[in-house]
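Colleague: how would this look folded up:
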Amino acid sequence: MTPDHTHHAGHPPHVHPGSVPGRETTPLPMQDGPPASPGGHMEHLQPPWPHFANMTLGLWLITGAFALGYRSTALQVSDIASGTFVILFAALSLSGRPFWKFWAPWVNSLIGLWLLFAPLVFWAASAAAYANDTLIGALVVAFAILAPGMPMAAGMSMEPGPDVPPGWSYNPSSWPQRAPIIALALVGFFLSRQMAAFQLGHVATLTDPFFGLGTERVLTSDVSRAFPIPDAGLGAVAYMIEFLMGFMGDKRRWRTMPWMVTFFGILVVPLGVVSITLIILQPLAVGAWCTPCLIAAAAMLVMIPLTLDEVVAMCQFLVQARREGQPFWRTFWLGGTLRDLPVTGPVRPDVVSAKAMVWGVATPWNLLVSVGLGVWLMLTPSVLGTTGAAAHSDHLVGALIVTTAVIALADVGRPLRFINILFGAWVIAAPWILSGATPASRWSDAIAAALVILLSLPRGPVGERYGTWARFIR
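Modeller: Numbering: from 1, shown residues only. Next comes the predicted model:
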């Protein structure tokens with residue numbers, strides 16, 4: 001065979017952009033049709049066993065509704081119906097019809113999500129019912145769309161393309177990068193599940209090692225009871241969804257599953273900030289602290305800088321794809337690749353190590369000191385005797401300074417450190433505007449705030465490359 005016939009026409013050889021540092025890659029053509037139709041060549045990649053596993057889980061739900069002492073007719077009916085539908089759609093997933101072969105697993109994943117909410121919606125009176133629905137719901141989702149070999153687990157787009165985003169020095173979607181996020185989500189889930197068990201009445205007391213009855217006061221406060229379902233249980237569902245989404249897609253999901261990275265980023269970043277803010281407001285609204293709440297908030301806070309880089313890489317991909325004339329929504333839902341791949345420098349190898357888990361996150365001393373100053377502001381009311389609105393201001397703004405500084409530890413989030421300049425300016429002015437400040441607290445706030453402002457100016461070291469995003473970091 002002559003060299004001219006080595007490759008089929010219209011399909012140039014694929015060169016991995018990170019395999020040979022500095023070598024220019026051949027542009028890849030976009031496919032006209034969907035990247036992997038459910039009835040196409042991906043069909044042989046889908047193993048049948050996850051759907052048979054879901055049929056078994058459906059039977060477990062139906063029989064468990066009678067065997068586990070639910071003490072809730074509504075929850076029994078829900079589980080029987082859910083189990084029946086899980087079996088039905090698992091069977092449809094095995095059919096030869098492309099429509100059902102693609103959509104039935106997604107329907108089952110929605111049923112799995114409902115099972116996570118059902119014990120909360122119906123206020124499960126039995127701990128067995130709550131545990132059963134939570135575990136089975138997570139497994140149904142895992143078998144429906146996350147099991148090895150399933151198209152959603154591997155990544156929706158099957159177009160060849162780079163693993164590492166253009167211009168980046170590492171892959172933010174690699175498994176080592178996801179590992180700490182998955183682990184932290186599991187920590188948050190276990191803590192929230194324990195608090196939900198108390199709110200549902202499955203445990204009579206909840207011991208707090210530092211604040212006595214503080215946790216119980218928070219979980220039984222008017223703020224918590226304002227939610228139609230146990231708010232701790234809602235947090236447990238959010239952490240479980242984050243845990244499951246951490247496993248979704250392959251190491252190229254920043255370009256193969258933009259929709260999933262978007263939803264994952266929304267769940268972790270803006271919703272995470274809202275959750276942290278609500279926890280920060282607990283002593284203001286309830287007058288008590290909650291140790292499990294603080295640990296869960298800390299886990300959520302650390303997850304944010306670990307997630308930002310993948311979200312930025314996905315946004316960069318969508319922007320560049322749109323500039324190339326690719327349809328936005330098709331690319332958003334189905335993924336793809338770029339035609340024009342720039343010359344890139346060396347990239348980090350795809351290895352499993354502790355360092356690989358935190359590529360893209362640094363610990364500049366100025367931001368670490370800002371975190372310490374934020375903590376000091378939170379402690380100022382109890383140490384220096386501040387009361388009233390001035391005390392609330394120190395507590396709230398101090399916590400926001402900590403939150404902003406931690407998020408800015410991410411290289412791609414480093415520009416966010418300038419927000420602390422605004423918080424610092426408020427801390428200087430607040431003791432003179434609000435009531436309850438003492439002379440000592442005024443001086444303390446002024447010094448701490450001035451340091452926060454000064455420490456927010458230096459960028460700190462950035463050890464990785466981020467393509468077009470580098471101009472924002474500078």
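Colleague: separation between the spatially most central residue of the chain and residue 145?
Modeller: The centre of the chain sits closest to residue 268, judged by CA atoms, centre = their mean, with a distance of 3.6 Å. According to CB to CB, to the nearest Å, residue 268 stands 19 Å off from residue 145. Any C-beta I mention is one placed from the backbone N, CA and C, and that applies to glycine too.
Colleague: low pLDDT regions in the stretch 201-350 of the chain?
Modeller: Within the stretch 201-350 of the chain, the ranges that satisfy pLDDT under 70 run 343.
Colleague: if we go to 90?
Modeller: For the stretch 201-350 of the chain, applying pLDDT under 90 flags the ranges 207, 211-212, 222-227, 270-289, 339-346, 349-350.
Colleague: any idea where the strands of it begin and end?
Modeller: With DSSP state E, counting those that start in this stretch as the criterion, the stretch 201-350 of the chain has no strands.
Colleague: Name the nearest residue to the residue nearest to the centre of the chain, sequence neighbours excluded.
Modeller: residue 307 (4.5 Å; CB to CB, 6 or more residues apart in numbering).
Colleague: And the lengthiest helix in the chain, what does it pack against?
Modeller: In the chain, taking DSSP state H as the definition, the longest helix is helix 291-323. Counting contacts by 3 or more CB pairs under 8 Å, 6 or more residues apart in numbering; DSSP states H and E, helix 291-323 is packed against helix 175-199, helix 214-219, helix 231-246, helix 253-256, helix 258-268, helix 270-280, helix 328-334, helix 388-407.
Colleague: can you rerun that using 7 Å?
Modeller: Counting contacts by 3 or more CB pairs under 7 Å, 6 or more residues apart in numbering; DSSP states H and E, helix 291-323 packs against helix 175-199, helix 214-219, helix 253-256, helix 258-268, helix 270-280, helix 328-334, helix 388-407.
Colleague: just to revisit the earlier point, tell me which residues touch the residue nearest to residue 268, please.
Modeller: Neighbouring residues of residue 307 by CB atoms under 7 Å, 6 or more residues apart in numbering: 181, 265, 268, 269.
Colleague: What about the last one, how many residues nearby?
Modeller: Neighbour count of residue 269, defined by other CB atoms under 10 Å: 19.
Colleague: For the closest residue to it other than its chain neighbours, give me its contacts.
Modeller: Nearest non-adjacent residue to residue 269, counting by CB to CB, 6+ apart: residue 304, 5.5 Å away. By CB under 7 Å, 6+ apart, the contact set of residue 304 is 268, 269, 272, 407.
Colleague: Residue ranges of each domain in this protein, please.
Modeller: 42-151, 167-340+354-361, 365-473 (automatic domain parsing).
Colleague: what distance separates the start and the end of the longest one?
Modeller: Right, domain 167-340+354-361. Domain 167-340+354-361 stretches 17 Å from its first residue to its last (CA to CA, to the nearest Å).
Colleague: And for stretch 447-464?
Modeller: Counting by CA to CA, the terminal residues of stretch 447-464 are separated by 34 Å.
Colleague: could you give me the average pLDDT of that stretch?
Modeller: Stretch 447-464 carries an average pLDDT of 96.
Colleague: From residue 216, how far off is residue 288?
Modeller: 9 Å.
Colleague: and what of residue 309?
Modeller: Distance of residue 309 to residue 216, given as CB to CB: 39 Å.
Colleague: what about these two, which has more around it?
Modeller: More crowded of residue 309 and residue 216, by other CB under 10 Å: residue 309, with 27 against 18.
Colleague: can you pull the contacts of the more buried one?
Modeller: 172, 360, 410, 412.
Colleague: circling back to that earlier point, possible to save the contacts of residue 304 as CSV with distance to residue 318?
Modeller: Formatted as CSV, the contacts of residue 304 follow (distance: CB to CB, whole Å):
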residue, distance to residue 318
268, 18
269, 17
272, 22
407, 22
